[in-house]
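Chemist: Next input, structure requested:
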Amino acid sequence: MDGIDGIYAQDSFFTLSLAGQVGLVLVSVMLAAGTVFLAWRLSRARSLILRAFVGVVLFGAFVWISPQAYYGYYLLIFDGLTPQWVVQDPPSPLFLVKLLGFSAKSDLSHHGQGLLGWLCLGAALWPQRDASRLGE
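Modeler: Numbers count the residues shown, from 1 in each chain. I've put the predicted structure just below:
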């Protein structure tokens with residue numbers, strides 16, 4: 001952790017090897033890109049309120065279920081971990097608001113989730129043309 005200062009100095013990300021860090025970033029980017037794409041795609045041709053709802057629901061689903069995907073990655077890089085279900089109860093609306101406000105915890109994981117939440121909302125609320133009207 002030499003040279004790492006500030007709020008992320010004690011983050012567990014920095015305990016991983018360089019290959020472990022690169023892999024974790026790749027897993028995170030793939031999961032985030034898929035979630036943002038789903039927010040954009042599933043909100044297509046919906047009312048503004050439904051698009052916002054889609055963004056929030058997908059963000060909440062990511063926060064709730066993604067620990068299992070990350071644990072699957074850790075199974076690949078750490079010896080001795082046993083396969084298990086690590087998903088807990090769904091996040092509360094207040095916790096999601098804290099993530100969006102970057103006030104849940106000061107670590108890369110929680111700040112990344114907050115950023116993803118804003119990306120999901122942005123993708124869901126992005127103005128879209130109705131696919132059925134594209135030929136007109």
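
Chemist: Please report how far S109 lies from P90.
Modeler: According to C-beta to C-beta, to the nearest Å, S109 and P90 sit 17 Å apart. Every residue, glycine included, has its C-beta placed from N, CA and C.

Chemist: Mind listing what's buried along the lengthiest helix in the chain?
Modeler: Secondary structure of the chain per DSSP state H: the longest helix is helix 48-77. The neighbour-count check on helix 48-77 (16 or more other C-beta atoms under 10 Å) flags 51-52, 54-56, 58-60, 62-63, 66, 71, 73 as buried.

Chemist: With pLDDT added, can I get those in TSV?
Modeler: Compiled in TSV, those are given as follows (pLDDT from 0 to 100):
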residue	pLDDT
R51	96
A52	96
V54	96
G55	97
V56	97
L58	98
F59	98
G60	98
F62	98
V63	98
S66	97
Y71	97
Y73	97
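
Chemist: got the contact list for the nearest residue to G117 once chain neighbours are set aside?
Modeler: With C-beta to C-beta, 6 or more residues apart in numbering as the measure, F59 is the residue that lies nearest to G117, at 4.3 Å, once sequence neighbours are left out. Under the criterion of C-beta atoms under 8 Å, 6 or more residues apart in numbering, the neighbours of F59 are 35, 39, 96, 116-117, 120-121.

Chemist: out of everything not next to it in sequence, what's closest to Y8?
Modeler: In this structure, Y8 finds its nearest non-sequential neighbour in L108, 5.9 Å apart by C-beta to C-beta, 6+ apart.

Chemist: To clarify, my last question referred to F102.
Modeler: For F102, ignoring the flanking residues on the chain, the nearest one in space by C-beta to C-beta, 6+ apart is G114 at 4.7 Å.
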